[in-house]
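>>> Return a 3D structure for these sequence lines:
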Amino acid sequence: MKKKGKVVVGMSGGVDSSVAAYLLKEQGYDVVGVTMEIWQEEEAQIQEENGGCCGLSAVEDARNVAWKLGIPHYVMNFRLEFKSCVIDYFMDEYIHGRTPNPCIACNRFVKWESLLKRSLDIGADFIATGHYAQIEQLPDKRYTLKKSATAAKDQTYALYNLTQDQLAHTLMPVGQYSKEQIRQIAAQIGISVADKPDSQEICFIPDHDYARFIKENTEKELPEGNFIDIHGRVLGRHKGITHYTVGQRKGLNLSMGRPVFVVEIRPETNEVVIGEHQDVYSDSLTCDRLNWMGMEGLQGRRMEVTAKIRYSHKGAVCVIEEVEPDLVKVQFKEPQRAITPGQAVVFYNGDYVVGGGIIC
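Below you'll find the model as predicted:
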């Protein structure tokens with residue numbers, strides 16, 4: 001079989017990237033497996049506990065799969081890129097009262113920008129991952145993402161920020177399958193990770209205590225402040241704004257006699273605004289740091305799309321329009337719950353990604 005070109009597969013040690021490597025080899029590509037070492041300098045035991053795509057077990061699992069598939073496997077060190085583009089970004093966003101999605105930053109700047117550059121430098125034609133998404137080239141030659149074959153495992157939201165050049169050099173073979181089908185393929189070819197659980201969402205904070213992590217890894221003072229209601233009346237004291245996100249109900253320690261929610265975080269005054277259930281809903285947002293994928297931009301037009309405001313959001317119909325360069329207003333047909341500054345909003349036209357940005 002004539003080889004289709006060399007592809008570097010980012011192998012995290014999980015079932016998805018492992019099967020991606022297998023599928024590409026079967027399709028006739030010259031496949032090289034690479035595991036990205038992104039965790040910071042720590043004792044082996046701590047690295048192991050972090051697990052996911054960062055732990056030592058990820059390297060060993062990926063190496064074993066590569067040996068089984070008969071492909072070369074290497075480990076590349078991306079610790080500096082991961083710290084500057086993901087960890088430092090994550091902490092800075094929380095300190096400024098926003099709730100970031102570090103996986104989106106990791107995808108854009110580490111798994112693609114850094115890995116793609118190194119892969120092209122060593123003679124590869126493509127990189128590939130085990131993401132559940134599909135890449136298509138439109139009639140106007142632009143590349144965009146199409147939702148995966150199954151809505152239950154679609155990861156286009158977390159990939160909206162990829163550039164045209166990155167998409168042109170990327171393969172995503174898993175996007176045509178369901179998770180169950182991928183596990184079945186893994187079992188059929190006899191690789192050890194067929195039943196391995198999916199990695200956790202934020203790999204560098206395994207206990208999910210974001211505030212503790214930020215306190216231990218930054219020199220910023222994160223003092224207590226006031227809880228206030230939407231009219232400005234003081235309700236109590238909060239532990240520091242990094243402990244909270246819009247829509248949060250648990251962990252507020254406010255004796256209000258009824259459920260209350262975080263409505264807004266104000267870093268400039270160190271206040272956390274508390275409101276009722278209905279106060280968490282809004283029918284509009286603005287976003288910046290835009291990346292257009294399925295089109296070059298709005299260019300003065302208003303456009304009806306479906307928008308997702310978080311990974312788990314089902315999407316809602318809205319109209320988008322550019323109010324100034326790199327700033328888009330989103331007007332929803334129906335109010336949406338917990339529109340959260342720092343999170344991505346991703347626009348879809350049917351199954352295709354139009355673009356997206358960061359909620360202001």
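
>>> switch to C-alpha atoms for all contacts and neighbour counts from now on
OK.

>>> Endpoints of stretch 278-298, how far apart?
Counting by C-alpha to C-alpha, to the nearest Å, you get 32 Å between the two ends of stretch 278-298.

>>> buried set for it?
279-281, 284-288, 290-295, 297 (16 or more other C-alpha atoms under 10 Å).

>>> So what's the gap between it and the chain middle?
16 Å (C-alpha atoms, centre = their mean, to the nearest Å).

>>> repeat for stretch 192-204
For stretch 192-204, the distance to the chain centre is 15 Å (C-alpha atoms, centre = their mean).

>>> same deal with stretch 306-316?
On C-alpha atoms, centre = their mean, the centre of stretch 306-316 falls 13 Å from that of its chain.

>>> Residues in contact with it: which ones?
Here stretch 306-316 makes contact (C-alpha atoms under 8 Å, 6 or more residues apart in numbering) with 157-158, 317-318, 332-334, 339-340, 343-350.

>>> ChimeraX command for the buried members of the residues you listed?
Listed next is the ChimeraX selection for buried residues among the contacts of stretch 306-316, using 16+ other C-alpha under 10 Å:
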select :157,158,317,318,332,339,340,343,344,345,346,347,348
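
>>> ranges for the helices of the stretch 1-150 of the chain?
Taking DSSP state H, counting those that start in this stretch to define them, one finds helices in the stretch 1-150 of the chain at 15-26, 44-50, 56-69, 79-82, 88-95, 102-106, 115-121.

>>> Now tabulate those in TSV and tack on mean pLDDT.
Shown next, in TSV, are these (pLDDT from 0 to 100):
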stretch	mean pLDDT
helix 15-26	96
helix 44-50	46
helix 56-69	88
helix 79-82	92
helix 88-95	94
helix 102-106	90
helix 115-121	93
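
>>> Make JSON lines out of those helices and add distance to residue 168 and mean neighbour count.
As requested, these are arranged in JSON lines below (distance: least, C-alpha to C-alpha, whole Å; neighbours: other C-alpha atoms under 10 Å):
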{"stretch": "helix 15-26", "distance to residue 168": "16", "mean neighbour count": "23"}
{"stretch": "helix 44-50", "distance to residue 168": "33", "mean neighbour count": "14"}
{"stretch": "helix 56-69", "distance to residue 168": "25", "mean neighbour count": "20"}
{"stretch": "helix 79-82", "distance to residue 168": "22", "mean neighbour count": "18"}
{"stretch": "helix 88-95", "distance to residue 168": "27", "mean neighbour count": "19"}
{"stretch": "helix 102-106", "distance to residue 168": "19", "mean neighbour count": "21"}
{"stretch": "helix 115-121", "distance to residue 168": "11", "mean neighbour count": "17"}
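
>>> Now render those as JSON lines, adding distance to residue 199.
Conversion of those to JSON lines gives the following (distance: least, C-alpha to C-alpha, whole Å):
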{"stretch": "helix 15-26", "distance to residue 199": "10"}
{"stretch": "helix 44-50", "distance to residue 199": "10"}
{"stretch": "helix 56-69", "distance to residue 199": "10"}
{"stretch": "helix 79-82", "distance to residue 199": "17"}
{"stretch": "helix 88-95", "distance to residue 199": "19"}
{"stretch": "helix 102-106", "distance to residue 199": "12"}
{"stretch": "helix 115-121", "distance to residue 199": "20"}
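
>>> Ramachandran angles for residue 266?
In terms of degrees, to the nearest 10, the main-chain angles of residue 266 are phi -120, psi 90.

>>> was I right about it contacting residue 97?
Yes - at 6.5 Å, residue 266 counts as touching residue 97 under the criterion of C-alpha atoms under 8 Å.

>>> So which of these two has more stuff around it?
Using other C-alpha atoms under 10 Å, the more surrounded residue of residue 266 and residue 97 is residue 97, with 26 against 13.

>>> check contacts around the more buried one.
241, 242, 265, 266, 267, 341.

>>> Would you convert those into JSON lines that also reports secondary structure and distance to residue 211?
As requested, these are exported to JSON lines (DSSP: H, G, I helix; E, B strand; the rest coil; distance: C-alpha to C-alpha, whole Å):
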{"residue": "241", "secondary structure": "helix", "distance to residue 211": "9"}
{"residue": "242", "secondary structure": "helix", "distance to residue 211": "5"}
{"residue": "265", "secondary structure": "strand", "distance to residue 211": "15"}
{"residue": "266", "secondary structure": "strand", "distance to residue 211": "16"}
{"residue": "267", "secondary structure": "coil", "distance to residue 211": "15"}
{"residue": "341", "secondary structure": "coil", "distance to residue 211": "17"}
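
>>> Closest one to residue 301 out of these, please.
residue 341 (24.5 Å; C-alpha to C-alpha).

>>> so where's the stretch 201-350 of the chain uncertain?
Applying pLDDT under 70 to the stretch 201-350 of the chain flags the ranges 201.

>>> could you redo the last one with a cut-off of 80?
For the stretch 201-350 of the chain, applying pLDDT under 80 flags the ranges 201-203, 219, 221.

>>> what's the burial count for residue 160?
Neighbours of residue 160 using other C-alpha under 10 Å come to 27.

>>> Distance check, it against residue 243.
27 Å.

>>> Could you do residue 119 as well?
39 Å.

>>> Next step: the buried residues of stretch 278-298 restricted to strands.
Cross-referencing the buried residues of stretch 278-298 against strands under DSSP state E gives 281, 284, 285, 286, 287, 288, 290, 291, 292.

>>> wouldn't residue 194 be in contact with residue 183 here?
Yes - with contact defined as C-alpha under 8 Å, residue 194 reaches residue 183; the gap is 5.3 Å.
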